[in-house]
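Participant: Got a sequence here, can you build the structure:
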Amino acid sequence: MNNISFIGLGNMGMPMAFNLIRKNYHVKIYDINKNLYKPFKSANVQAAKNFDELGKNSNVFITMLPDGKALYNLVLGKNGMIRRIKENSVFIDCSSSDYESTIKVSQALKKKNIRFLDAPVSGGVSGAKNATLTIMVGGNKSAFNKSKKILKCLGNNIIHIGNSGSGQIVKACNNMMLGINMIGVCEAFLLAKKFGIDLKKFYKICATSTSASWAMQNHLPIQGIVKSSAANNKFKPGYAAKLILKDLKISQEMSKSVKLNTRMGKKALELYKKFCSQDQNNLDYAAIIKILIKK
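Facilitator: Numbering: from 1, shown residues only. This next block holds a predicted model:
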């Protein structure tokens, strides 16, 4: 499995594709935005002009797309990739896609004897660049075992969850917790600030106390405390607010489908929806603190 077609070269996809190239895989790249090919000019890579070129001589396909609709259109649309993928190939979707689209694509590919893995990732742009992503995988266990060497080029915590769709279920639940957690971090630091507490000292205490969390320690929405925080760079996104809004919507759709009232997840969705409606959707998700200050 050395010939890989990589589709989707955004903030996450581009560094992931480069990591595969560095590991000497033969990689073909594709994106609807051809300007994203420019960084690959000096790399040993083929830029596909169309789906026909993308399908030739590849037996592994990896996607990093905006959402499940994009995945569905790519594979099953009018000129879908399903017509170009050979039998016994492996299709790995690393996007955060909705469960329904994932299952439809999985079932359609299975009929063509193409093995599908839903393999969404967590770790943000820094994780994509450093190949330290957590990858949660659903789908055929045999296909997972054969693909694990490739996935290890992208992440260092790779877990097979279960049947098709289970990777996306875990990703949605994970990001629901992240959204809820970030709102809690924002509110706690705003409250401490109102009482005149030194926020650097507050962070130092929280980082070694029961309130410690990945969101706080990596994406604290206060400037000048955590090096990796988007707050240090006017909230330029590592994980854009519009993306967590998408994931929160997916988690609420899942909740409704099993008649579970996830109250905090619902509230987080409401707050991020309001934030994004104010033309803030391209800021980092930690910028939600802006709307919480105003409340």
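
Participant: for this protein, what's the longest helix?
Facilitator: helix 166-194 (DSSP state H).

Participant: relative orientation of the following helix or strand past it and helix 166-194 in degrees?
Facilitator: Using DSSP states H and E, the helix or strand that follows helix 166-194 in sequence is helix 199-206. Angle, helix 199-206 to helix 166-194, by axes from the mean of the first three to the mean of the last three CA atoms, to 10 degrees: 130 degrees.

Participant: For helix 199-206, list the C-alpha coordinates in CSV.
Facilitator: Only the C-alpha atoms of helix 199-206 are listed here, as CSV (Å, rounded to 0.1, in the frame of the first residue of the first chain):
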residue,chain,number,x,y,z
LEU,A,199,-4.5,35.4,35.8
LYS,A,200,-1.0,34.0,35.4
LYS,A,201,-1.1,32.8,39.0
PHE,A,202,-4.6,31.5,38.5
TYR,A,203,-3.5,29.5,35.5
LYS,A,204,-0.5,28.1,37.4
ILE,A,205,-2.8,26.9,40.1
CYS,A,206,-5.5,25.5,37.7
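
Participant: right, and the helix or strand after that helix?
Facilitator: Downstream of helix 199-206, the first helix or strand assigned by DSSP H and E is helix 214-219.

Participant: Pull out the buried positions in that next one.
Facilitator: 215-216, 218-219 (16 or more other CB atoms under 10 Å). Glycine gets a C-beta too; all of them are placed from N, C-alpha and C.

Participant: what mean pLDDT would you report for stretch 125-135?
Facilitator: Here stretch 125-135 scores 94 as its mean pLDDT.

Participant: neighbouring contacts of that stretch?
Facilitator: 11-13, 15-16, 19, 94, 119-123, 151, 153-159, 228, 238-239 (CB atoms under 8 Å, 6 or more residues apart in numbering).

Participant: Among those residues, name the buried ones.
Facilitator: Using 16+ other CB under 10 Å as the threshold, 11-13, 15-16, 19, 94, 119-123, 151, 153-155, 158, 238-239 are the buried ones among the contacts of stretch 125-135.

Participant: What about the residues you listed, which are in strands?
Facilitator: 121-122, 155, 158 (DSSP state E).

Participant: picking that back up, got the buried residues for the longest helix of the chain?
Facilitator: 166-186, 189-190, 192.

Participant: From the chain's centroid, how far away is it?
Facilitator: 16 Å (CA atoms, centre = their mean, to the nearest Å).

Participant: Could you do stretch 139-157 as well?
Facilitator: 17 Å.

Participant: mind checking the end-to-end distance for it?
Facilitator: 17 Å (CA to CA, to the nearest Å).

Participant: Contacts for that stretch, please.
Facilitator: 1, 4, 16, 19-20, 22-23, 25, 60, 62, 90, 92, 94, 106, 115-119, 121, 123, 127-128, 131-135, 137, 158, 160, 163-164, 167.

Participant: what pLDDT does the nearest residue to Ser96 once chain neighbours are set aside get?
Facilitator: In space, and not counting its chain neighbours, Ser96 is closest to Pro120: 5.1 Å by CB to CB, 6 or more residues apart in numbering. Listed pLDDT for Pro120 reads 97.

Participant: my guess is Pro120 meets Cys94, correct?
Facilitator: Yes: counting by CB atoms under 8 Å, Pro120 touches Cys94, with 6.3 Å between them.

Participant: Quick check: the residue nearest to Ser96 vs Arg84, distance?
Facilitator: The gap separating Pro120 from Arg84 is 24 Å, by CB to CB, to the nearest Å.

Participant: This protein - how does it break down into domains?
Facilitator: Annotated domains of the chain cover 3-163, 169-294 [automatic domain parsing].

Participant: What about Ile161, how many residues nearby?
Facilitator: 18 (other CB atoms under 10 Å).

Participant: Check which helix or strand it maps to.
Facilitator: Here Ile161 is assigned to strand 155-162, by DSSP H and E.

Participant: in its sheet, what does that strand sit against?
Facilitator: strand 133-139 (parallel) (DSSP bridges).

Participant: give the contact list for Ser101.
Facilitator: Ser101 neighbours (CB under 8 Å, 6+ apart): 68-69, 71-72.

Participant: Sounds good, over and out.
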